[in-house]
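A.B. asks: I would like the atomic coordinates for the input below:
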Amino acid sequence: MRRFLLPLLAIGLIGLPDAVSAQDRTREPREPNARQQPRPRDDRSQRQPRASVSDVIRNVEQGRPGRRVDVDPSGDDYVVTWAYPDGRVSRIPVDGRTGRPRGD
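C.D. replies: Got it, this is the predicted structure:
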């Protein structure tokens, strides 16, 4: 009797994972637990579009002598490093939404 029982038990255990996974596939999706809070929405979808770097550069160049050294994103805004002809270097904050320098 033991001789037949052991192979049958082994075959049953080998087929068990397939039976369990098939059973899981046929179940209805579970309702979320009432204690689970819904995930907060990403507020980036409600933000206004960000200005392109080319718009930022074009707006900073208008009526300003010198040349652009660098453009760095800073949160939602930009910071443009600008070199004037007299040798001064300035960091100009730019509104990331409109692309216009702040304070202009």
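A.B. asks: Give the full set of residues in contact with residue 73.
C.D. replies: Contacts for residue 73 (C-beta atoms under 8 Å, 6 or more residues apart in numbering) come out as residue 96. Placement of C-beta: from N, CA and C, glycine included.
A.B. asks: measure it to residue 63 for me?
C.D. replies: 24 Å (C-beta to C-beta, to the nearest Å).
A.B. asks: ditto for residue 69
C.D. replies: With C-beta to C-beta as the criterion, residue 69 and residue 63 are 18 Å apart.
A.B. asks: Looking at these two, which has the bigger crowd around it?
C.D. replies: residue 69 (12 against 6; other C-beta atoms under 10 Å).
A.B. asks: Confirm that the more buried one sits in a strand.
C.D. replies: Yes - inclusion of residue 69 in a strand is indicated when DSSP: H, G, I helix; E, B strand; the rest coil is applied.
A.B. asks: In three-state terms, label the nearest residue to it once chain neighbours are set aside for me.
C.D. replies: Closest residue in space to residue 69, ignoring its immediate chain neighbours: residue 81 at 4.2 Å, by C-beta to C-beta, 6 or more residues apart in numbering. Secondary structure assignment for residue 81 (three-state DSSP): strand.
A.B. asks: Residue 81 is in contact with residue 66, isn't it?
C.D. replies: No - judged on C-beta atoms under 8 Å, residue 81 makes no contact with residue 66 at a distance of 10.5 Å.
A.B. asks: out of those two, which sits in the more crowded spot?
C.D. replies: Neighbour comparison, residue 81 and residue 66: the larger count goes to residue 66, with 16 against 13 (by other C-beta under 10 Å).
A.B. asks: Quick check, the more buried one in contact with residue 85.
C.D. replies: Yes - Residue 66 lies in contact with residue 85 (C-beta under 8 Å); the separation is 5.6 Å.
A.B. asks: Would you state the strands of this protein in chain order?
C.D. replies: Under the criterion DSSP state E, the chain carries strands at the ranges 67-74, 77-83, 89-94.
A.B. asks: No further queries at this time; thank you.
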